[in-house]
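Undergrad: structure for the following, please:
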Amino acid sequence: MAFGFTSCDKNDTESAPALRAKMDASTLTASSKYTESFKDASGQSTVELTSSNQRLDMFSELNSYMALVAVAAPATPSTLDVAKLRGYYANTGGYFTGTGLNASGLTLRTSTAASFPATNAETVRTYVDAKLTQLATASQSVNNVATPGSAGRLGRYLVDGNGIEVNQVIQKALIGALLLDQVDNVLLTDNALKANNSKVVDGKAYSELEHNWDLAYGYLTSNAIMTTDINLTPRERFLASYLNEKNPTASPGVYMAFLKGRAAIVNNDAAGVKAQADIIRTELEKTIALAAVSYLTNWKAASTLDVKAHALGEGLGFVYSLRFCTKYGADAAFSDNLLSGLTAGTNGTWSLTNAQADVAINAIKAKFNIQ
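TA: Residues are numbered from 1 along each chain as shown. Sure, this is the predicted structure:
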């Protein structure tokens, strides 16, 4: 969880004592380990990623369970228990296997849409709840062949009666509602960057601002160096993975922005911190838009129902996530309008046309300045 932010006037900021000795940011390179590059006077690392990394691990376990409906032959697909799906999302029932996750006090659900006003945040969380229920219901037909109006499989992919691969919608929606929202709209906003940086948190080695910046990094990766090439290992998960896949020229710059921004925090360089935060926020939001356009375009190009359904499920989830792209001025109304146009046909998406997909594609390109 991010620390609370308190405002202060310019004179207070300028008179605040420096917490750290200045560091030379020019020594930081693409091979610098984020987790080892920032230390206090005693040599102790001031980086701590636990809570955001734990949420990444929770997301991974939920995603792995959902993926049991879409296994490749000769594996057998599974039906899913709605209580277990809900348990992963709300951290009830003790379903996690990762060390410390069940007892962490953290939940994916309460971290979802955390930047939104309470009522709007609950709308998003309820949407995810409903999709989890829809997935469990559709999974009861996992051994049937899908037809318009009836859930089942198309190739290896499970779709509901509307032709939508619900597990993909959930995953991609949470990439925006959980990961992007926390980084862009909770931890790295201009107001968030005013968090205290003149003293360490009681009992910790880091300041509030240092920790909030580190948590943002931890929502992308648990690796000491974020992998910035989709072809290299260790492979990243979720948002960082799509940054590498859909926005690959920006990925190395995002990692360097995390390093440079953290160094600017050490050096009490507020303008430098903001500049690096802007790079991160802009490129992560652009990644969501590029992914949405890519998958809708893939849906148009695909020649078989199973490939089309898979591309569309991913695309719909990323379109949902556009509502969290605040730097580009996207919001729930923009996102929901696109979703309505994509799913309003007979039996949902079974009758979707290229022209309908193009309306969404062109709207996204215009909003996000994508050529």
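
Undergrad: any idea of the mean pLDDT for the longest helix along the chain?
TA: When the chain is scanned for its longest helix (criterion: DSSP state H), the result is helix 270-301. Across helix 270-301, pLDDT averages out at 98.

Undergrad: helix or strand next in line after it, which one?
TA: helix 305-321 (DSSP states H and E).

Undergrad: what's the angle from that following helix to helix 270-301?
TA: 150 degrees (axes from the mean of the first three to the mean of the last three CA atoms, to 10 degrees).

Undergrad: list the buried residues for helix 305-321?
TA: Within helix 305-321, the residues that qualify as buried are 306-321, counting by 16 or more other CB atoms under 10 Å. Glycine gets a C-beta too; all of them are placed from N, C-alpha and C.

Undergrad: same thing with stretch 219-230?
TA: Here stretch 219-230 shows 219, 220, 221, 222, 223, 225, 226, 227, 228 as buried, counting by 16+ other CB under 10 Å.

Undergrad: need the three-state assignment for the fourth one.
TA: The three-state label for residue 222, taken from DSSP: H, G, I helix; E, B strand; the rest coil, comes out as coil.

Undergrad: distance of it relative to residue 151?
TA: Residue 222 sits at a distance of 35 Å from residue 151 (criterion: CB to CB, to the nearest Å).

Undergrad: could you do the second one as well?
TA: Counting by CB to CB, the separation of residue 220 from residue 151 is 34 Å.

Undergrad: quick one: contacts for residue 357?
TA: Residue 357 makes contact with 296, 297, 299, 300, 342, according to CB atoms under 8 Å, 6 or more residues apart in numbering.

Undergrad: stretch 283-296: how far from the chain's middle?
TA: When distances are taken as CA atoms, centre = their mean, to the nearest Å, stretch 283-296 is centred 12 Å away from the chain's centroid.

Undergrad: just stretch 194-206 next, same as before
TA: Using CA atoms, centre = their mean, the offset of stretch 194-206 from its chain centre is 26 Å.

Undergrad: tell me the mean pLDDT over it?
TA: pLDDT averaged over stretch 194-206 gives 97.

Undergrad: picking that back up, helices and strands around the longest helix of the chain, which ones?
TA: helix 208-218, helix 238-246, helix 251-266, helix 305-321, helix 354-368 (3 or more CB pairs under 8 Å, 6 or more residues apart in numbering; DSSP states H and E).

Undergrad: TSV for the ones you listed, including distance to residue 124?
TA: Listed next are the helices and strands packed on helix 270-301 as TSV, based on distance: least, CB to CB, whole Å:
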stretch	distance to residue 124
helix 208-218	20
helix 238-246	17
helix 251-266	25
helix 305-321	9
helix 354-368	20
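
Undergrad: residue 59 and residue 120: what is the separation?
TA: Computed as CB to CB, the residue 59 to residue 120 distance reads 21 Å.

Undergrad: sorry, back to before: how about the buried residues of helix 305-321, which pair is most distant?
TA: 306 and 321 (23.5 Å; CB to CB).

Undergrad: residue 326 and residue 317, how far apart?
TA: Plainly put, residue 326 is 18 Å away from residue 317 if you go by CB to CB.
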